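**Student:** Sharing a model prediction with you, sequence too.
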Amino acid sequence: QRPPALADIAEKTGWQDKFHVLAVGRSAQDDEEYRAWAREGLALAGLSPEAISAWCDTSVHYVSNAEEAGGWQAVADKVAAIESANDLPGNRALYLAIPPRVFPPVIEALAEVGLNRSPGFTRLVIEKPFGKSLETARSLNELVHARFEEHQVYRIDHYLGKETVQNLLVFRFANALFENSWNRSLVRSVEITVGEHLGLETRAGYYDQAGAFRDMIQNHVTQVLTLVAMEPPVKLDADSIRDEKVKVLRSVVPIAANDVVFGQYVGGVIDGETVPGYLEEPGVAENSATETAVSLRLFIDNWRWQGVPFYLRTGKRFPERLTQIVVRFREPPVCLFEVDGTCEVHSDAIVITLQPNEGFELLFDVKAPEEDMRLQTVPLDFRYDAAFGSLPDAYETLIEDIVLGDQTLFVRSDEVEAAWSLYQPILDDPPMPERYAAGTWGPPGSTRLPHASGDTWWQG
Ligand code: BG6
């Protein structure tokens, strides 16, 4: 098990004594009670007693009941007191990992008590979901911009912190071999699957309102899509990269209603264990029509991708946890290798596994030895763990970037709105979810999406 991101960063960078955490929560407790809780958690995560005390004895603090009258002023006073006692320059990250409905009052309150500026830097970190529709995302952006500058704002999508997701830029733009094939002349289709083994866990309160479309497609899956499809940025800075990502979103053709399939899992068996259906999960509304899986087919109307289908798919209670991009290449125009009247050629593919077993496979045909002209598809394989050992946690990367002031891996305001605009028509008129058994790759009806372009899902 990896240590929690903050503790790991503190240890790795030696920032321990310069890095204080002030937690703000509703439960009434003081610094010492909160530290005891933090110590327990860090011990469970395997941190050594020395590391725990270096971290917890002095650098962790707590304020309760900020929502009460004068509560936010108490937060501001405590920040000032910690900074002055420890001779800190006032560099602050305000990290909102709170229920989305309280984003607006908390952002207002932080500004009211002057926490939107400081002697050093002030950065506002906002966890997902950023809005639940185009309209709500727009008004949240307006509110944020009334109180903070965009350069202070870090909208989190933790997929962007994953090493393998970031590597998409390197894979594409450092290797002319792949980039030159990465277009409509050679690519037949692109599939992005983000499958989850897990069910609802204990998150019915949030999830039954959100559903898979808002929880995964609008953000994580779409972020992967933009990195797969974007043009090379002019430079590797945050805005150049984000400009190209936004252009992808603006080039997507309105998605046909028939190209979207929603699913909801019913009970089934995963790894030999019988698991309940979505409607039996605690906290889910009776007869809930919330989707736990989404599949869709879309097209990007630009010079690079015109006519190439992109299949996106996500779901809970799939047979395994798997995030994978499959780029299928066109077959040669003429088939030279036929056996008994059947063409033996398969289309080449690049399979990029973002998690788990992170790596790449280039699949191509070879002649199977000693058979007449039978072809067999074989992989050229690269695995991260074999080359580099374990990968850093996404949150570690993101928190370090927040401290360093690098916004590349964070979603810009126009980007979040472009993603909502693209999907709003589907949210306005969502399809009824089809049932799928837990332990399968989503609703059977979703197979029609790749079929419509002559493909099948890579898995399932
Ligand atoms: C979160 C979603 O953002 O991402 C969860 O809210 C989902 O529903 C999770 O399980 C998946 O993240 P990962 O990193 O495990 O693929």
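**Tutor:** Looks like it arrived, so ask away.
**Student:** residues in contact with residue 157?
**Tutor:** 128, 219-220, 223, 410-411 (CB atoms under 8 Å, 6 or more residues apart in numbering). Using the backbone N, CA and C atoms, a C-beta is placed for each residue, glycine as well.
**Student:** Secondary structure for those - can I get that in a markdown table?
**Tutor:** Compiled in a markdown table, the contacts of residue 157 are given as follows (DSSP: H, G, I helix; E, B strand; the rest coil):
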| residue | secondary structure |
| --- | --- |
| 128 | coil |
| 219 | helix |
| 220 | helix |
| 223 | helix |
| 410 | coil |
| 411 | strand |
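**Student:** which of these are close to the ligand?
**Tutor:** residue 128 (CB under 6 Å from any ligand atom).
**Student:** per-residue confidence at residue 46?
**Tutor:** Residue 46 is assigned 84 on the pLDDT scale.
**Student:** Tally up the residues packed near it, please.
**Tutor:** Neighbourhood size, residue 46 [other CB atoms under 10 Å]: 10.
**Student:** Against residue 4, how distant is it?
**Tutor:** 10 Å (CB to CB, to the nearest Å).
**Student:** How many residues are close by the closest residue to residue 394 other than its chain neighbours?
**Tutor:** Excluding the flanking residues, the one nearest residue 394 by CB to CB, 6 or more residues apart in numbering is residue 161, at 3.3 Å. By the measure other CB under 10 Å, the count of residues near residue 161 is 22.
**Student:** so what's residue 161 up against?
**Tutor:** Residue 161 neighbours (CB under 8 Å, 6+ apart): 393-398, 401, 409.
**Student:** Also residue 292?
**Tutor:** Counted by CB under 8 Å, 6+ apart, residue 292 has contacts 200, 211-212, 263-265, 278, 315-317, 433.
**Student:** again with residue 330
**Tutor:** 185-188, 347.
**Student:** Tell me how many other residues surround whatever residue of the chain ends up closest to the ligand.
**Tutor:** For the chain, the nearest residue to the ligand under the criterion CB to the nearest ligand atom is residue 215, separated by 4.7 Å. When neighbours are counted by other CB under 10 Å, residue 215 registers 22.
**Student:** returning to that earlier point: torsion angles phi and psi at the residue nearest to residue 394?
**Tutor:** Per-residue torsions, residue 161: phi -80, psi -10 (degrees, to the nearest 10).
**Student:** now it: how far from residue 445?
**Tutor:** For residue 161 relative to residue 445 (CB to CB), the value is 34 Å.
**Student:** And for residue 368?
**Tutor:** Counting by CB to CB, the gap from residue 368 to residue 445 is 36 Å.
**Student:** Please enumerate the helices of the stretch 1-150 of the chain.
**Tutor:** With DSSP state H, counting those that start in this stretch as the criterion, the stretch 1-150 of the chain has helices at 5-13, 31-44, 49-59, 71-85, 103-112, 134-147.
**Student:** Can I get the ones you listed in TSV including distance to the ligand?
**Tutor:** Below are the helices of the stretch 1-150 of the chain laid out as TSV (distance: least, CB to the nearest ligand atom, whole Å):
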stretch	distance to the ligand
helix 5-13	13
helix 31-44	19
helix 49-59	24
helix 71-85	27
helix 103-112	16
helix 134-147	16
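**Student:** Switch those helices over to CSV; also include mean neighbour count.
**Tutor:** CSV is the format used below for the helices of the stretch 1-150 of the chain (neighbours: other CB atoms under 10 Å):
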stretch, mean neighbour count
helix 5-13, 18
helix 31-44, 15
helix 49-59, 16
helix 71-85, 16
helix 103-112, 17
helix 134-147, 16
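**Student:** thinking again about what came up before, what's the PyMOL syntax to select whichever of the contacts of residue 330 are buried?
**Tutor:** The buried residues among those can be selected in PyMOL (16 or more other CB atoms under 10 Å) with this line:
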select buried, resi 187+188+347
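**Student:** Among the contacts of residue 330, which ones are in strands?
**Tutor:** 187-188 (DSSP state E).
**Student:** ok, and which of the contacts of residue 330 reach the ligand?
**Tutor:** Applying CB under 6 Å from any ligand atom to these, none is adjacent to the ligand.
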